[in-house]
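K.L.:
The following block contains a protein sequence and its predicted model.
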Amino acid sequence: MSYDVMPPKTRSRPLMLLAVLTLFPLVGREPVQQPIPPVLRRERVYGPTIQDQVMLYDPVTRKQRAIYQSNGHIPGEVSISPDGMYASFVEAFTVSPGVVRNRLVVIDVRGALVRAIDDKPVGTYSWCCGTGIVAVITGPPTEDGDVGFSPDALYLIDISTGAAQGLEGILGLPYQLHWSSVDSALYIKTLPTASGAKIYRYDAQTQRLVLTPHKGVFFSPDGLYYFDWHTQGFGFHLYRAADDVEITGQLAAQIGPEIRWVPGAGHVLVFIEKPVRGPSKTDSPGRVVATDRSQRVAQDRWNRAVDAETKRLVQRFQGDIKAGWRTSAPVLPIEGRAGVELISPRRP
């Protein structure tokens, strides 16, 4: 299959915006120093018209600036390539009156366009499988169901050339992707049928695709645990990777929205704390702060970092993990009262 792509504005290797920054640990550790790759996010600007842009945060000056202005709409968040060289996002644009299509846009960290994949509608994607490679599930957007698009096929695309390799052998429609760097594998989940969903593992080194007994694709950074987040109302389930035994246990009662693994922290989950009834001596009132930027940032929101194995609380901290900041470094970007903060991982 061939993809029509936009030529890049420049073929020069993008400059890495590296800086030495003192990271803010959760608790109980001395601050560490290490290079921090670019930190970016999608931002929506409201004015006479609604416009989306990509913002770059400079960890040295602690200032932000727009590096990409969208002529369409960016419905999701920005992703960063594992090497920190590129940013990517799905952009919805109008191809004809009343007809909207999603495309995948890749820019460098200065905002220059590297490639736009737009001959097929993009449903979801994941950086994977080597430098400059993205796995893309194609399919038009839909308002039916919880997936948000109608999945079609899966391709591995080289953003430097635009070459697309179809990943064949998947029985069913793929709709979830997750790249696991610990075993250099792409995990793929198909839409559930009467016989259930299937989980495939694509080994990037051997290029072999095999069916697995796993129940989900979202593996922890150390590969020892994974979770499944059903799109059809069945909620959160946590599993041990060695034997696929569910170990959700008491953790299910704690889980709030926006759950993810803490980068570089082994198997620590972070999620927004569920609100409690009545006043609390320790909680803030959860004030939502209106900013002059695109989103309303809940800087006082409480979050919980929990060890997946012991279900014990690692740390409770304030800041908005839903603000959309992303980086390839093993840190957790949040939006706090002082602006963007980079939380250093703490292992259980």
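P.N.:
That came in fine, so what should we check first?

K.L.:
Against which helices or strands is the helix or strand containing residue 42 packed?
P.N.:
Secondary-structure element containing residue 42, defined by DSSP states H and E: strand 39-46. With contacts defined as 3 or more Cβ pairs under 8 Å, 6 or more residues apart in numbering; DSSP states H and E, the secondary structure elements packing on strand 39-46 are strand 50-58. For every residue, glycine as well, the C-beta is placed using N, CA and C.

K.L.:
how far does the strand it packs on sit from the chain's center?
P.N.:
16 Å (Cα atoms, centre = their mean, to the nearest Å).

K.L.:
The stretch 151-300 of the chain: strands as residue ranges?
P.N.:
Along the stretch 151-300 of the chain, the segments classed as strands by DSSP state E, counting those that start in this stretch run 154-158, 164-166, 174-180, 185-190, 199-203, 208-212, 218-219, 225-229, 236-240, 260-261, 268-272, 289-290, 296-297.

K.L.:
just to revisit the earlier point, pull out the buried residues from the strand holding residue 42.
P.N.:
Within strand 39-46, the residues that qualify as buried are 39-43, counting by 16 or more other Cβ atoms under 10 Å.

K.L.:
now stretch 334-346
P.N.:
Of all the residues in stretch 334-346, those buried under the rule 16+ other Cβ under 10 Å are 334-336, 340-346.

K.L.:
In a markdown table: those residues, plus secondary structure.
P.N.:
Compiled in a markdown table, the buried residues of stretch 334-346 are given as follows (DSSP: H, G, I helix; E, B strand; the rest coil):
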| residue | secondary structure |
| --- | --- |
| 334 | strand |
| 335 | strand |
| 336 | strand |
| 340 | strand |
| 341 | strand |
| 342 | strand |
| 343 | strand |
| 344 | strand |
| 345 | coil |
| 346 | coil |
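
K.L.:
And the helices in this structure?
P.N.:
Listed in chain order, the helices of the chain (DSSP state H) span 251-254.

K.L.:
If you average pLDDT per helix and strand, which one of it comes out bottom?
P.N.:
Sorting the helices and strands of the chain by mean pLDDT, DSSP states H and E puts strand 19-22 at the bottom, at a mean of 34.

K.L.:
Between strand 50-58 and the strand holding residue 42, find me the angle.
P.N.:
Angle of strand 39-46 versus strand 50-58, following axes from the mean of the first three to the mean of the last three Cα atoms, to 10 degrees, is 150 degrees.

K.L.:
Tell me the gap between strand 39-46 and the middle of its chain.
P.N.:
Strand 39-46 has its average C-alpha position 15 Å from the chain's average C-alpha position, going by Cα atoms, centre = their mean.

K.L.:
which residues are contacting it?
P.N.:
Residues external to strand 39-46 that are found in contact with it (Cβ atoms under 8 Å, 6 or more residues apart in numbering): 50-57, 59, 66-67, 74, 76-78, 80, 87, 89, 109, 293-295, 323-327, 333, 340, 342.

K.L.:
show me where pLDDT drops low in the stretch 101-250 of the chain?
P.N.:
Residue ranges of the stretch 101-250 of the chain with pLDDT under 70: 144-146, 230-234.

K.L.:
who does the residue lying closest to residue 331 once chain neighbours are set aside bridge with?
P.N.:
If the residues on either side of it in the chain are set aside, residue 331 comes closest to residue 342, at 4.4 Å by Cβ to Cβ, 6 or more residues apart in numbering. Taking DSSP bridges, one obtains residue 333 as the residues bridged to residue 342.
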